[in-house]
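Visitor: Quick one, fold the following:
(one chain, ligands or ions: 4)
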Amino acid sequence: MPAVPKSLSEIIQEIEVLGSSGDTGVVIKGMAMDSRRVEEGDLYACVPGFKVDGHDYVAAAVAAGASALVVERFLPLDVPQVKVVSVRQAMGAIAAILYDRPSERLELIGVTGTNGKTTITYLIEKIAAKQKQKVGIIGTLGARIDGRDIPGERTTPEAIEVQKLLGAMVAEKVSVAVMEVSSHALDLGRVAGCEFDVGIFTNLTQDHLDYHKTMEEYLNAKAKLFSSLKGKKQPKLSILNGDDPAFLKLNNASSAPVVSYGIHNQEVNYRAEKVQVTSDGVRFTIQFKGDSQEIWYATPGFFSVYNALAAFVWGVERGYTPKSVAEALAEIPGVPGRFESVRSGQPFQVIVDYAHTPDGLENVVRTARDFTQGRLITVFGCGGDRDRGKRPLMGKVASEGSDFLIVTSDNPRTEDPELIIQEVLQGVSKVDYVALTDRREAIEKACGMAKPGDTILIAGKGHETYQIFGTEVHPFDDREVARESLRRLGYV
Ligand SMILES: CC(=O)N[C@H]1[C@@H](OP(=O)(O)OP(=O)(O)OC[C@H]2O[C@@H](n3ccc(=O)[nH]c3=O)[C@H](O)[C@@H]2O)O[C@H](CO)[C@@H](O)[C@@H]1O[C@H](C)C(=O)N[C@@H](C)C(=O)N[C@H](CCC(=O)O)C(=O)O
Ligand SMILES: Nc1ncnc2c1ncn2[C@@H]1O[C@H](COP(=O)(O)OP(=O)(O)OP(=O)(O)O)[C@@H](O)[C@H]1O
Ligand SMILES: N[C@H](CCC[C@H](N)C(=O)O)C(=O)O
Ligand SMILES: [Mg+2]
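Guide: Numbers count the residues shown, from 1 in each chain. Ligands and ions are numbered 1, 2, ... in the order given. Below is the predicted model of the structure:
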């Protein structure tokens, strides 16, 4: 959906500015934060980045047709300019104005936490779609509007893109939008201009310390989602994992009433009990408000109980019958790249999963181990240019839970793949392992050595269809590569 053109002065009236220069009567037709994507009549937002400063690209932006600039310091140019404290924060607010404040026209759910966000957005999509609601998703797998996929690069896109997508959802009469809100997004203002109605917290374990430095800072970023739950639309709700150590802090930070869920904490509002984890999924009973509901959700792992619980709470609190929410959960075939089985008729299991944190990997290794008769062969690596501290921790949990380990590459980006592997190996002990830098070779090795009853767990890339070396993106899909390896071994 295109932006609704507005004069710069109209925009300035609705946001906090430090000052302006030039003709503020100029009409703004759209907005861009990248000079290379500026179109005629756009407002170019000069973002001081981690690598470069957008203020240095105004000449290119103006040459491409930018009609005005949002700046943190006035530039000696004959172009209308608006000066703000933080361009990153102002960008969302301005884009929201240009797209007619779309988040005020639908229910917006934000899902945050280290693991489980994508999964929960898919569960909520299913629950709402079963009630004949049109649903929009924004997250790691891209955006999706009423079942139509729109590719995306980040878990939470930049603010302008977020508002544009929400605007498109409003235009398509979406009533429920569910969005993954990463800690980077909360810190970098990518959700500025969004009025959330519901915040969902999954869990907090180590990740992204390259960016946040401490777990406390990481949690503070997450907490912003819950403290932001105020505004015109009512009611607001925080849905929090009562078993997580971060619960108390988020409970205190929340501006909205809190509903909690969990398994161990006896005080939570929605509690799962009689949990059975099988190789096909999880079965359990939810006790809530003097009522109870049986749940079947076809993704194995104790962690799946938490994901299903969080989605169930949203559905029931929205007023859907517990039975209809349970039926929706039972119908979900699985989320791409999350505990996804590759089946080519081979007498062993091959599972592709997106676990890329110590906690995620530990959970998924334990789950696979629990239903494996033979050996558990785990293939994984750690991303380059990401939290280095998690590498030996992932090496440790993978080696402790597996019978054979193949340490390989997972998006080395600008780092040396061999050195990343060395850091993973620092945590590896008590297990036979091999390091194979080439991920294809690693998967082939696993398939070649598996015997009937074994399980191969290929972790870290899940749905990803690429491998990033340097800044180049090469096609690579764990599921495809596993299928090819199995084919070569004679399975079809
Ligand atoms: C730390 C981080 O998030 N960085 C993001 C940030 O980069 P940056 O601020 O350093 O940008 P920069 O390259 O210095 O450029 C500054 C400005 O100059 C502009 N520019 C630059 C060059 C030019 O010719 N013209 C121009 O206008 C850029 O468009 C930008 O506006 O803004 C860039 C532009 O949007 C993003 O691509 C970049 O994401 C990087 C690549 C990234 O990897 N982010 C990851 C860590 C991330 O965001 N992950 C989270 C969490 C994932 C999860 O766990 O779920 C996510 O939400 O995806
Ligand atoms: N509730 C959970 N607790 C711990 N681990 C989980 C949980 N849910 C999923 N996982 C593990 O984490 C992996 C990623 O799950 P998912 O994609 O839902 O998380 P995410 O929070 O969206 O991740 P990202 O930060 O990359 O967006 C899964 O493949 C699984 O191994
Ligand atoms: N959203 C996560 C995904 C990591 C997936 C893994 N494959 C990697 O590239 O490190 C991140 O950006 O840290
Ligand atoms: Mg995700």
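Visitor: and the gap between the closest residue to ligand 2 within the stretch 151-300 of the chain and residue 99?
Guide: The stretch 151-300 of the chain approaches ligand 2 most closely through residue 155 (4.3 Å), counting by CB to the nearest ligand atom. From N, CA and C alone the C-beta is placed, and that goes for glycine too. Using CB to CB, to the nearest Å, we find residue 155 at a distance of 21 Å from residue 99.
Visitor: Neighbour count: these two, which is higher?
Guide: Legend: neighbour count by other CB atoms under 10 Å for residue 155 and residue 99, higher for residue 99 (26 against 19).
Visitor: Show me how the record splits the chain into domains.
Guide: Domain segmentation of the chain under automatic domain parsing yields 6-98, 102-330, 340-488.
Visitor: In TSV, list these along with mean pLDDT.
Guide: Output for those, formatted as TSV (pLDDT from 0 to 100):
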stretch	mean pLDDT
domain 6-98	97
domain 102-330	97
domain 340-488	97
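Visitor: Can you lay out those domains as a markdown table showing distance to ligand 1?
Guide: Listed next are those as a markdown table, based on distance: least, CB to the nearest ligand atom, whole Å:
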| stretch | distance to ligand 1 |
| --- | --- |
| domain 6-98 | 2 |
| domain 102-330 | 3 |
| domain 340-488 | 7 |
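Visitor: Tell me how many other residues surround residue 52.
Guide: Using other CB under 10 Å, residue 52 has 10 neighbouring residues.
Visitor: How about the residue of the stretch 301-450 of the chain found nearest ligand 4: what's its closest non-neighbour residue?
Guide: Going by CB to the ion, ligand 4 is nearest to residue 354 of the stretch 301-450 of the chain, at 7.7 Å. The shortest distance from residue 354 to any non-neighbouring residue, by CB to CB, 6 or more residues apart in numbering, is to residue 462 (2.8 Å).
Visitor: longest single helix anywhere in the chain?
Guide: helix 302-317 (DSSP state H).
Visitor: Tell me where the stretch 251-400 of the chain has strands.
Guide: Counting by DSSP state E, counting those that start in this stretch, the stretch 251-400 of the chain has strands at residues 258-262, 270-277, 282-288, 291-297, 340-341, 349-353, 376-380.
Visitor: export these to CSV and tack on distance to residue 361 and mean neighbour count?
Guide: Shown next, in CSV, are the strands of the stretch 251-400 of the chain (distance: least, CB to CB, whole Å; neighbours: other CB atoms under 10 Å):
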stretch, distance to residue 361, mean neighbour count
strand 258-262, 22, 22
strand 270-277, 17, 17
strand 282-288, 19, 20
strand 291-297, 21, 17
strand 340-341, 16, 17
strand 349-353, 9, 25
strand 376-380, 7, 27
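Visitor: if I look at the residue nearest to residue 196 when sequence neighbours are not counted, how far off is residue 290?
Guide: Once flanking residues are discounted, residue 196 sits nearest to residue 110: 4.6 Å by CB to CB, 6+ apart. Using CB to CB, residue 110 is found at 29 Å from residue 290.
Visitor: neighbour-wise, which of these two wins?
Guide: Shown here are residue 110 and residue 290; by other CB under 10 Å, residue 110 has more neighbours (28 against 5).
Visitor: Just the C-alpha atoms of the helix or strand encompassing that one, please, in CSV.
Guide: Secondary structure assigned from DSSP states H and E places residue 110 in strand 107-112. Coordinates of each C-alpha in strand 107-112 appear next as CSV, following Å, rounded to 0.1, in the frame of the first residue of the first chain:
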residue,chain,number,x,y,z
GLU,A,107,-5.1,-5.9,16.9
LEU,A,108,-1.3,-5.9,17.1
ILE,A,109,0.4,-8.7,19.1
GLY,A,110,4.2,-8.5,19.8
VAL,A,111,6.0,-11.7,20.6
THR,A,112,9.4,-11.4,22.2
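Visitor: what helices or strands is it leaning on?
Guide: helix 117-130, strand 176-180, strand 198-201, helix 215-227 (3 or more CB pairs under 8 Å, 6 or more residues apart in numbering; DSSP states H and E).
Visitor: Buried residues, the helix or strand just after the third one. List them.
Guide: Beyond strand 198-201 on the C-terminal side, the first helix or strand identified by DSSP H and E is helix 209-212. Along helix 209-212, these residues count as buried under the neighbour rule (16 or more other CB atoms under 10 Å): 209, 211-212.
Visitor: try stretch 313-327
Guide: Neighbour-count burial for stretch 313-327, with 16+ other CB under 10 Å as criterion, is recorded at 313-318, 320, 322, 325-326.
Visitor: go on, stretch 140-148?
Guide: Of the residues in stretch 140-148, 140-145 count as buried by neighbour count, 16+ other CB under 10 Å.
Visitor: Centre of the chain to it, how far?
Guide: 13 Å (CA atoms, centre = their mean, to the nearest Å).
Visitor: got it, and stretch 453-460?
Guide: Taking mean C-alpha positions (CA atoms, centre = their mean), stretch 453-460 and its chain are 23 Å apart.
Visitor: touching ligand 3 at all, that stretch?
Guide: Yes - using CB under 6 Å from any ligand atom, stretch 453-460 reaches ligand 3 at residue 460.
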